[in-house]
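# Sequence and predicted model, in that order:
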Amino acid sequence: MPARMDKIMEIAQKYDIPVIEDAAESLGSTLNGRQTGTFGKFSVLSFNGNKIITTSGGGALLSDDEALIAKARFLATQARDQAPHYQHSHVGYNYRMSNILAGVGRGQMEVLQQRVDKKREIFQWYEQLFARINEKGYNVMFQTERVGAISNRWLTCILIHPDENNGINREQVRLALEESNIESRPLWKPMHLQPVFEKYPFYGSSISEKLFENGLCLPSGTAMGNDEFERIGDILNEVFQ
């Protein structure tokens, strides 16, 4: 789902703040007709194996600033100085994607819109399923698209507040799916709750914690077909009977 990048950029430009746009999961999404990943000074895409298109790993760094891209490319290729021998005046890294994997990615770019269409079709299937479930007195919630935004629906997620769903919680649904060897996952655990950061101060509200507690990521792979939908639907209808 596109962030409110138009509002963010408005503030950033006012105070001269460079923006690095995390578009790792939103390739194919747009805001007011503009692709995500084109707003920031830098933008980052992910081509990990679970993303909407993949090179099995790695990603892409985007910018329209040629000097910054040249510097990034220099640092990503061991920061080797222009010399006939190996010489380094800066500490560099080996972040290059292989030519073979880059070729895979270029091929997958040709089917990006098909992947987006399939992801949106999967979302609509879940939306219709839970609309019928909610008619029985439940209140399972979805993320809605803001005006001007088109989401690639890379991952369909729901919120299940127990007090609005006859005591049913996210974990009951997850375990019911797991019993049939169907993977679903809680929404992402907030950074300030991660053990590696637990000793550091946190500034914010409890919104992210509540999302983690009540949110569930549903199976959303583009290879899903009618058989998979039927299996998932049977389980969800049984949980919310």
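Structure's in. What do you need?

# Flag every buried residue along the longest helix along the chain.
The longest helix of the chain (DSSP state H) is helix 112-134. Residues of helix 112-134 classed as buried by neighbour count (16 or more other Cβ atoms under 10 Å): 115-116, 118-120, 122-123, 125-126, 129-130, 133. No exception for glycine: its C-beta is placed from N, CA and C like everyone else's.

# How about stretch 160-176?
Using 16+ other Cβ under 10 Å as the test for burial, stretch 160-176 gives 160, 164-165, 168, 170, 173-174, 176.

# Spell out the secondary structure type for the residue lying farthest from the centre of the chain.
The centre of the chain is farthest from one residue, Pro84, which by Cα atoms, centre = their mean lies 43.0 Å away. What DSSP: H, G, I helix; E, B strand; the rest coil gives for Pro84 is coil.

# Run a quick neighbour tally on the residue lying closest to Asn32 once chain neighbours are set aside.
In space, and not counting its chain neighbours, Asn32 is closest to Gly148: 4.3 Å by Cβ to Cβ, 6 or more residues apart in numbering. When neighbours are defined as other Cβ atoms under 10 Å, Gly148 has 13 of them.

# Could you number the chain from 49 rather than 1 from now on?
Done: numbering now begins at 49, and the last item shifts to Gly196.

# Show the backbone phi and psi for Gly196.
Dihedral angles of Gly196 (phi, psi; degrees, to the nearest 10) stand at phi 90, psi -10.

# Tell me how far it lies from Leu235.
24 Å (Cβ to Cβ, to the nearest Å).

# Also Arg144?
Distance of Arg144 to Leu235, given as Cβ to Cβ: 33 Å.

# Those two: who's more crowded?
Leu235 (19 against 13).

# show me what contacts the closest residue to the more buried one other than its chain neighbours?
Nearest residue to Leu235, sequence neighbours excluded (Cβ to Cβ, 6+ apart): Gly263, at 3.2 Å. Gly263 is in contact with 205-208, 218, 234-235, counting by Cβ atoms under 8 Å, 6 or more residues apart in numbering.

# Surely Val92 is within a helix?
No - counting by three-state DSSP, Val92 falls outside a helix, being strand.

# quick one: contacts for it?
Counting by Cβ under 8 Å, 6+ apart, Val92 touches 68-72, 85, 107-110.

# Just the residues you listed: which are in strands?
Cross-referencing the contacts of Val92 against strands under DSSP state E gives 68-70, 107-110.

# What subset of those residues is buried?
For these, a neighbour count by 16+ other Cβ under 10 Å gives the buried set as 69-70, 107-108, 110.

# In CSV, list these along with pLDDT and distance to Ile56.
Below are these laid out as CSV (pLDDT from 0 to 100; distance: Cβ to Cβ, whole Å):
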residue, pLDDT, distance to Ile56
Glu69, 97, 9
Asp70, 96, 11
Gly107, 94, 21
Ala108, 94, 21
Leu110, 96, 16
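
# per-domain residue ranges of this structure.
In terms of domains, the chain is parsed into 53-157, 161-287 (source: automatic domain parsing).

# Give me the distance between the last one and the centre of its chain.
What it means is domain 161-287. Domain 161-287 sits 13 Å away from the centroid of its parent chain (Cα atoms, centre = their mean, to the nearest Å).
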